[in-house]
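Enquirer: here is the input, now give the coordinates:
(chains A and B)
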Amino acid sequence: MHIIDRRLNPGGKNLPNRQRFLRRARRIVREAVRQASASRSIRDIDEAGVVVIPGNGIDEPSFHLGQEGLHNPVFPGNKEFVEGDRLPRPQGGAGGGGSQAGQGKSEDSYQIALSAEEFLEFFLEDLELPDLERRRVTSVESEGLRRAGYASTGSPSNLALGRTMRNSLSRRIALRRPRPADVAEAEQAITEAQAAGADDDEMAELRQLRDQLQRRSKAIAWIDPIDIRYRRFEPQPKPMAQAVMFCLMDVSASMTEHMKDLAKRFYMLLYVFLKKRYKKVELVFIRHTDEAREVDEQTFFHGTESGGTKVSSVLHEMLRVVGERYPADQWNIYAAQASDGDNDPRDNLEVTGLLSGVVLEKCQYYAYLEVNEPGHGSTPSSLWRAYEGIDEPNLSQRSVTHREDIYPIFRELFSRNEDVRRRTV
Amino acid sequence: MSALLYRGAEWSYDTVQRIHDAVSDIALGELGLDVYPNQIEVITAEQMLDAYAATGMPIFYHHWSFGKHYTQHEMMYRKGLMGLAYEIVINSSPCISYIMEGNSATMQTLVIAHAAFGHNHFFKNNQTFRDFTDAASILDYLKFAKSFIAQCEERYGESAVERLVDAAHALQPHGVHRSGKRRSTDLRDEEARQKERRDYEAQMYNELWSTLPTTPGKATLTDLQRNALNQRLGLPEENVLFFLERNAPRLASWQREVIRIVRLVGQYLYPQRMTKVMNEGTATYVHYKILHRLHEKGLIDDGAFFEFLTSHTNVVAQPGFDHPAYQGFNPYALGFSMMQDIERICLKPTAEDRIWAPDIAGCGDAMGALRDIWANYRDDSFIAQYLSPRLMRDMRMFAIEDNPKRSDLLVKSIHDERGYREIRRALAKRYDISYTDAIIEVAAVDLLGDRRLILEHRVVDGRLLATGESRKVLQYVADLWGYEVELKELDAMSGKMLADHHARPSPATYAA
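Expert: All right, here's what the predicted structure looks like:
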């Protein structure tokens, strides 16, 4: 017989299996989040919640017999039954007790509680901001301290003991300060010489040597102020990416509440997404009819206005705001425009000129969302056709009719995959 | 000098060796057991948890499902909902028993008697294990399996392998040769032979033959031709995985090999499912005997003996059906009681026993009779043959008829003169895995049409497949087969079709 001690074997034999399981579960959780978010209102999109993941992806199905049909189980522990007794069927399945538990696997679904953070994590996973890297370092925000070498002055709590002692040691070596052991040795030699009855000359010599050593070690300090070093900290300036998001919307009479709702949902998604990627995100709301005005959020969505439609006005207004407050070399500029596509045909030329010439130059990304009333035919609007003529990588246009399309379209716009993003519908 | 093997709870390797030798003397000398050489490995609780996840085997390929089981076990263990087993024993030669470092000396004695001699003897001698498993080569095979699957993951990507293993795992219960007859199973030979055959066909190919006029219209087969074709495919075939491994037209050879690995592991584990009661009964009976003898011989003291009795009693407890802890028959309790009952019948039979078990009643050689039973029975036949009226009375067994057409249950028989046979029959049936498992076989392939694969489930007592999961498994079959699959559920008696399921392969799941 052999006895083998396996206790010292490396543990974690199941680590690869666990990693595989977590990866698999993660995929399923992500899908569940996507599904849950379709039914959630966008207002609550960044709230915590429970998602139910189907047992589907992490169950191990097998062919097994169902509960139907004749069963003939045997039990131990009869107390009072006699042959021919009729018993009421117990609740929760045939056969009584747990006798069937081993055979009938239930179709479990697992509930997983996610925090708001995690929910968003899954929600926005594999979305990417286009051109995130282009204008990075903008305003500087100090973010705590950073170690930055040593200083000869500082507070006692920052004393760098190791460095100080190192300096002290090298100075003592350089100045040949006698070691305590050397002094002790000299002392020892005197005692021994005395015991051996050495003559006076010899004794004097030894004493002199000792005194010399003692003097020297008194003169050269163990730790001198010049040895002392302090740990130095420096405020660390950290580059911070900042973004401004322009919400541009047509509020002319042809825009219905439904259309505004679609636009609002899209803006909210974009805002949540930008906030996730940038420390600082500013919002600018510009609404327009035939003239454009920067307004606050409340007015933007709820105020009414009447007039014709001139898209170029909103671009001018945006350029004005950019020029005043958001220089393009310091800010990542995102713009999302929502419109029903009606525009004064004479204006289209100016719009395309402005966009391709100036606006797209300054923007990281410009999304045009054409909102439609359900039931209307989807003949391309004049604005849509005008935008189609512009061939710039950072302009995307999508058309949306139903609330539930918003999220897929959003994903499409920001998906990591270039091909999907570029394609215009 | 004391004759005691150990004192108190502490043990060392030396102690374990002494315990093993003392137990071995009794097991081999007095009980006449016949075992594989033993290898005892000391492990920690964490390693025990690890071993749980992958069916207890020391080497196993990687798959997410083992990680899932591990996570579940770990959570339950950490929350204190679950204790750990004292041992795991592996049907291999040498027979590996894991013992936990935290066990007391008495527990180690119990474990060695139970696993290293009880289970070990059963593995080596029981007919089902002899038929289905090859203890000497299993560890080598698993080593090969692990490295092969790891290579496949490297070459074809983890997800491709994972999908395949998922499908194969789902079909693992239908990947065994139940009859236990030996077949040529070496896939590499098979591949060589297939290649040879293809080369021959290529050599003999003659364009002229294709110009021969054929009968116009849809080709039909005579019964004779159909039979010949079926025979060539080995149909009907109950081993679904085996059939797919050999005949699925779209699988690459590495995929066949992976399926084969899962199938052979399933085949290796198959006897354990058929002999749960007997295996545990044997091991429990053996440790009970051995510990008693050790005590009689003065090798363990009274304190140790009491500790043993406490553990033993816990293990063989059988709560009644209405007890909150009831979870079906406890295989340890049922098995151990039956073994003890057989011993009683051999040594002190009653008149009743002489009628019910004439072949062993009063034979006087209990161990001889038991060794013979351990070698030649599995759970269903063992119960059908040796469950005695006395034990049915002791355990107060009763049988229920649960007919879904009625709103109440019928107590069909109890432990009385009229009920013995019925209870025994009903209980044996519940351990007959050809009754408790769905029996599914590959019935036909539509070779002239769309290559549809037809599976048949023989329905006994109206017990149909659970639909939800079956659909998923059927989807796996379709993906592996590469063409449409149909599963017919036929009544075993009348042949009437009770249900019909279809699945189409998802696009290019396993395309090579």
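
Enquirer: domain ranges for chain A, per the record?
Expert: A:42-58+A:111-121, A:156-232, A:240-422 (automatic domain parsing).

Enquirer: those domains: which one's closest to chain B?
Expert: Among those, the nearest to chain B by CB to the nearest CB is domain A:42-58+A:111-121 (6.0 Å). From N, CA and C alone the C-beta is placed, and that goes for glycine too.

Enquirer: the closest residue to chain A within the stretch 151-300 of chain B and A:Glu187, how far apart?
Expert: Using CB to the nearest CB, B:Ala170 is the residue of the stretch 151-300 of chain B that sits closest to chain A, at 5.3 Å. B:Ala170 sits 88 Å away from A:Glu187, going by CB to CB, to the nearest Å.

Enquirer: more neighbours: which of the two?
Expert: B:Ala170 (24 against 15; other CB atoms under 10 Å in any protein chain shown).

Enquirer: for the more buried one, give me its contacts.
Expert: Counting by CB atoms under 8 Å, 6 or more residues apart in numbering or on different chains, B:Ala170 makes contact with A:Glu60, A:Pro61, A:Ser62, B:Lys472, B:Val473, B:Tyr476.

Enquirer: pull the number of nearby residues for A:Ser168.
Expert: 18.

Enquirer: that one touches A:Ile226, doesn't it?
Expert: No - using CB atoms under 8 Å, A:Ser168 is not in contact with A:Ile226, being 9.3 Å away.

Enquirer: what secondary structure does B:Ser413 sit in?
Expert: Reduced to three states with DSSP: H, G, I helix; E, B strand; the rest coil, the structure at B:Ser413 is strand.

Enquirer: A:Glu68 now?
Expert: coil.

Enquirer: could you check how many residues crowd around it?
Expert: 16.

Enquirer: what's the separation between it and B:Val459?
Expert: Distance, A:Glu68 to B:Val459, using CB to CB: 10 Å.

Enquirer: what of B:Glu307?
Expert: 51 Å.

Enquirer: more neighbours: which of these two?
Expert: Set B:Glu307 next to B:Val459 and count neighbours by other CB under 10 Å: B:Val459 wins out with 25 against 19.

Enquirer: check whether the more buried one really touches B:Met493, as I assumed.
Expert: No - checked against CB under 8 Å, the pair B:Val459 and B:Met493 is beyond contact range at 9.0 Å.

Enquirer: can you list the low-confidence ranges for the stretch 1-150 of chain B?
Expert: The model of the stretch 1-150 of chain B has pLDDT under 70 over residues B:1-2, B:75, B:78-84.

Enquirer: wait, does the longest helix belonging to chain A contact chain B?
Expert: As assigned by DSSP state H, the longest helix anywhere in chain A is helix A:15-39. Yes - Helix A:15-39 is in contact with chain B by CB under 8 Å from any CB of the partner chain, via A:Pro16, A:Asn17, A:Arg18, A:Gln19, A:Arg20, A:Phe21, A:Leu22, A:Arg23, A:Arg24.

Enquirer: can you redo these as JSON lines with neighbour count, pLDDT and distance to B:Thr467?
Expert: Output for the residues of helix A:15-39 next to chain B, formatted as JSON lines (neighbours: other CB atoms under 10 Å in any protein chain shown; pLDDT from 0 to 100; distance: CB to CB, whole Å):
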{"residue": "A:Pro16", "neighbour count": "18", "pLDDT": "82", "distance to B:Thr467": "34"}
{"residue": "A:Asn17", "neighbour count": "24", "pLDDT": "82", "distance to B:Thr467": "30"}
{"residue": "A:Arg18", "neighbour count": "19", "pLDDT": "75", "distance to B:Thr467": "32"}
{"residue": "A:Gln19", "neighbour count": "13", "pLDDT": "76", "distance to B:Thr467": "33"}
{"residue": "A:Arg20", "neighbour count": "20", "pLDDT": "80", "distance to B:Thr467": "29"}
{"residue": "A:Phe21", "neighbour count": "22", "pLDDT": "76", "distance to B:Thr467": "27"}
{"residue": "A:Leu22", "neighbour count": "15", "pLDDT": "71", "distance to B:Thr467": "30"}
{"residue": "A:Arg23", "neighbour count": "14", "pLDDT": "76", "distance to B:Thr467": "30"}
{"residue": "A:Arg24", "neighbour count": "19", "pLDDT": "78", "distance to B:Thr467": "24"}
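
Enquirer: hang on, A:Phe285 in a strand?
Expert: Yes - under three-state DSSP, A:Phe285 sits within a strand.

Enquirer: wait, what's in contact with it?
Expert: A:Cys247, A:Met249, A:Glu294, A:Val295, A:Asp296, A:Glu297, A:Thr299, A:Phe300.

Enquirer: for the fifth one, list the residues it contacts.
Expert: Residues in contact with A:Asp296 (CB under 8 Å, 6+ apart) are A:Phe285.

Enquirer: list the buried residues in the helix or strand encompassing B:Arg273.
Expert: B:Arg273 is part of helix B:253-274, with elements assigned from DSSP states H and E. Going by neighbour count (16 or more other CB atoms under 10 Å in any protein chain shown), the buried part of helix B:253-274 is B:254-274.

Enquirer: whichever helix or strand comes after that helix close to chain A?
Expert: Later in the chain than helix B:253-274, the nearest helix or strand by DSSP H and E is helix B:276-296. No - counting by CB under 8 Å from any CB, chain A is not contacted by helix B:276-296; separation bottoms out at 10.9 Å.

Enquirer: next SSE downstream of helix B:276-296?
Expert: helix B:302-315.

Enquirer: give me the contact list for that following helix.
Expert: B:6, B:104-107, B:109-110, B:284, B:287-288, B:291, B:295, B:300, B:332.

Enquirer: that one to helix B:276-296, inter-axis angle?
Expert: Relative orientation of helix B:302-315 and helix B:276-296, computed by axes from the mean of the first three to the mean of the last three CA atoms, to 10 degrees: 170 degrees.

Enquirer: the bottom helix or strand of chain A by mean pLDDT?
Expert: helix A:418-422 (a mean of 49; mean pLDDT, DSSP states H and E).
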